[in-house]
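In: generate coordinates for the sequence data below:
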Amino acid sequence: MQDKIQSIFKIPELRRRILITLGLLVVFRVGCYVPVPGIDGSALAEALQKMQGTLLGLYDMFAGGAFSRATVFALGIMPYISSSIIMQLLTAVIPYFEKLQKEGEEGRKKITQYTRYGTVLLAILQAYGISAYLERMPVAASRAIVPNPGLGFRMMAVITLTAGTIFLMWLGEKITEKGIGNGISLIIFTGIIARYPNDILRTIDALRTGQLNFFTLAVLMLLMVFIVAGVIVMTQGMRKIPVQYAKRVVGRKIYGGHSTHIPLRVNTAGVIPIIFAQAILMFPTSIATWFGRPEIQDVVSVYMSPGSALYNFLYAVIIVFFAYFYTAIVFNPQDLADNMQKYGGFIPGIRPGKRTAEYIDRVLTRITLPGALFLAFIAILPSIFIYKFNAPFVFGGTGLLIVVGVALDTLQQIESHLLMRHYEGFLKRGKLRGRR
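Out: All right, here's what the predicted structure looks like:
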């Protein structure tokens, strides 16, 4: 492993990309500590401690703790993610966007431009909504999160938070262009793992105070290893459908006549079903908190608090539903079958056209079920660790899937650079043929 790490820094281009990526991520983390003027950060952090399990708590996780510290990156990259998801949905239901997607590079550039416009619009709306809500959310009778509320504070907060989101969007694109890995994903990844040192410190304190014993911690660590291994398997798992292309004679050249496969992922939807399910289930808690009625909060906390049986059941059902729903939105078997037929491709034993589309849809429906059930299990894991094992840290859920997925994607890109330079990769062992 030491030789492989040294090989990374022997390649000038790869070394430069990694250093640029690390440098830009450091800029992101520094920005997570630059406060927004006009907000009492300690009062906001105190209020969020009482609002775990609400939409604001979810937002703070994706922002890497920047929201609870009231910094310029408080909105994080979530407006960009929301805009991207909206554009994907519009592509499936509006013919204009569907046509753009099929136009190749130029169409994708226009979709990216619309996504950026949507990001700015969503950031402005969310910044104004959050600033207005913070003005009405006192922590104690003599202390408010916004000491000087008013139109001036709202305008300043909107400009600052929107500019922070736009800067993060630019930062992510620069990481993708000049660094290594997907920039937006790495920003989210960095924000999530930034919480790990605090989790380690809380675990050490729990051991010292006797709230957690060494045997339970050892069992938890062993479970975590197996669960991470399972996440890697499910993330990489796919069903390969064989495809044969017939030979075609065009002029004096012969095209086709080769075999390939269609990779259908077990988890096509990724972490989107969990995000949708969390947002839906957090609405009752968030609304009850906004009303400020103690009797309503008590009822909601009994039946819809994270860890309750009803919450976990609804959580799992909604995740399975959105896993199928989002897969149906982003993957169209009919378009795939038409493209195969257009270029002379067919699945052995299956007629081209409608039969091929039905076959692909049937296979996709079958393999999506275990992926959806596994997503539901991963989503419920934090409740199991916290409420059953009394763990002082959160493990599982969206954070685990994002961390593992982004780490695998980044390692694969690093490995591709190593293999191109005739070095041995991280994920494969043995001698490479033709190695110099």
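In: just the strands in the stretch 151-300 of the chain please.
Out: Using DSSP state E, counting those that start in this stretch, the strands of the stretch 151-300 of the chain run over 238-245, 248-250, 253-255, 259-265.
In: out of the ones you listed, which gets nearest to T160?
Out: Closest approach to T160 among the strands of the stretch 151-300 of the chain is made by strand 259-265 (39.3 Å; CB to CB). In short, each C-beta sits where N, CA and C put it, glycine included.
In: what does the closest one contact?
Out: By CB atoms under 8 Å, 6 or more residues apart in numbering, the residues outside strand 259-265 that reach it are 237-245, 336, 360, 363-364, 367, 371.
In: for ChimeraX, what selects the buried ones among the residues you listed?
Out: What follows is the ChimeraX syntax selecting those of the contacts of strand 259-265 that are buried according to 16 or more other CB atoms under 10 Å:
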select :241,243,245,336,360,363,364,367,371
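In: ok, so of the contacts of strand 259-265, who is nearest R116?
Out: Nearest to R116 out of those is L336 (CB to CB; 28.8 Å).
In: now do that closest one against K342, distance only.
Out: The spacing between L336 and K342, counted by CB to CB, to the nearest Å, is 11 Å.
In: name the secondary structure element that contains the nearest residue to M224 once chain neighbours are set aside.
Out: Sequence neighbours aside, F395 is the residue nearest to M224 in space, at 6.0 Å (criterion: CB to CB, 6 or more residues apart in numbering). Under DSSP states H and E, no helix or strand contains F395.
In: check contacts around F395.
Out: Applying CB under 8 Å, 6+ apart to F395 gives the contacts 220, 224, 227, 381-382, 385.
In: of the residues you listed, closest to P37?
Out: For the contacts of F395, the nearest to P37 is P382 (34.6 Å; CB to CB).
In: give me the neighbour count for the closest one.
Out: By the criterion of other CB atoms under 10 Å, P382 has 20 neighbours.
In: is it correct that it is in contact with F393?
Out: No. In this structure P382 lies outside contact range of F393 using CB atoms under 8 Å: 9.3 Å.
In: what's the closest of the strands of the stretch 151-300 of the chain to F331?
Out: Nearest to F331, of the strands of the stretch 151-300 of the chain and by CB to CB, is strand 259-265 at 8.2 Å.
In: where do the helices sit along the stretch 1-150 of the chain?
Out: Assigned by DSSP state H, counting those that start in this stretch, the helices in the stretch 1-150 of the chain fall at 2-8, 12-31, 41-49, 55-62, 78-93, 95-101, 105-135.
In: make that the stretch 201-350 of the chain, sorry
Out: Counting by DSSP H, counting those that start in this stretch, the helices of the stretch 201-350 of the chain are 214-236, 272-291, 294-304, 309-330, 333-342.
In: tell me, how many residues neighbour the closest residue in space to Q101 that isn't next to it in sequence?
Out: In space, and not counting its chain neighbours, Q101 is closest to T91: 5.2 Å by CB to CB, 6+ apart. Neighbour count for T91, taken as other CB under 10 Å: 19.
In: gap between I20 and G191?
Out: As judged by CB to CB, I20 and G191 stand 19 Å apart.
In: could you do P333 as well?
Out: With CB to CB as the criterion, P333 and G191 are 36 Å apart.
In: for P147, what are its contacts?
Out: So P147 contacts 38, 40 (CB under 8 Å, 6+ apart).
In: state the phi and psi torsions of it.
Out: Dihedral angles of P147 (phi, psi; degrees, to the nearest 10) stand at phi -60, psi -30.
In: now do G179
Out: Per degrees, to the nearest 10, the backbone of G179 is at phi -110, psi -150.
In: what about the residue nearest to it when sequence neighbours are not counted, how many neighbours?
Out: Counting by CB to CB, 6+ apart, the nearest residue to G179 once its immediate chain neighbours are dropped is T21, at 3.4 Å. T21 is flanked by 20 other residues according to other CB under 10 Å.
In: and if you look at A279?
Out: Considering only other CB under 10 Å, A279 is surrounded by 14 other residues.
In: want to throw the helices of the stretch 201-350 of the chain into JSON lines with distance to I130 and mean pLDDT?
Out: Shown next, in JSON lines, are the helices of the stretch 201-350 of the chain (distance: least, CB to CB, whole Å; pLDDT from 0 to 100):
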{"stretch": "helix 214-236", "distance to I130": "32", "mean pLDDT": "87"}
{"stretch": "helix 272-291", "distance to I130": "12", "mean pLDDT": "71"}
{"stretch": "helix 294-304", "distance to I130": "21", "mean pLDDT": "65"}
{"stretch": "helix 309-330", "distance to I130": "25", "mean pLDDT": "87"}
{"stretch": "helix 333-342", "distance to I130": "39", "mean pLDDT": "85"}
